[in-house]
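*Asks:* the amino acid sequence is not available; the structure is as follows:
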């Protein structure tokens with residue numbers, strides 16, 4: 001239980017720091033955008049791969065599909081609500 005609490009606290013701190021990150025110039029803005037894309041793509045590829053592996057093992061859970069769907073929905077909402 002203590003390890004879970006420490007993980008949640010560390011992840012919360014990380015999320016706050018990432019959320020508050022502001023680029024100072026165009027170069028930093030481009031790097032931030034690139035890192036966001038790579039991070040999203042890496043998470044999506046890992047979740048999609050895990051879904052494929054679970055399907056091949058006939059051990060599918062809806063949790064991975066739900067998380068992948070939430071990531072994609074958040075990305076779409078973020079993209080279209082900024083306009």
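*Replies:* That came in fine, so what should we check first? This structure is a prediction, so every number in the text was calculated from the model and none was measured.

*Asks:* give me the distance from whatever helix or strand residue 80 lives in to the chain's centre.
*Replies:* Using DSSP states H and E, residue 80 falls within helix 62-81. The chain centre lies 9 Å from the centre of helix 62-81; the measure is CA atoms, centre = their mean, to the nearest Å.

*Asks:* now do the buried residues in it.
*Replies:* If you call a residue buried by 16 or more other CB atoms under 10 Å, then helix 62-81 has these buried ones: 64, 68. The C-beta positions use only the backbone N, C-alpha and C, and glycine is treated the same way.

*Asks:* elements contacting it?
*Replies:* Helix 62-81 sits against helix 26-56, with contacts defined as 3 or more CB pairs under 8 Å, 6 or more residues apart in numbering; DSSP states H and E.

*Asks:* just want the angle from the helix it packs on to helix 62-81.
*Replies:* Helix 26-56 and helix 62-81 are oriented at 150 degrees to each other (axes from the mean of the first three to the mean of the last three CA atoms, to 10 degrees).
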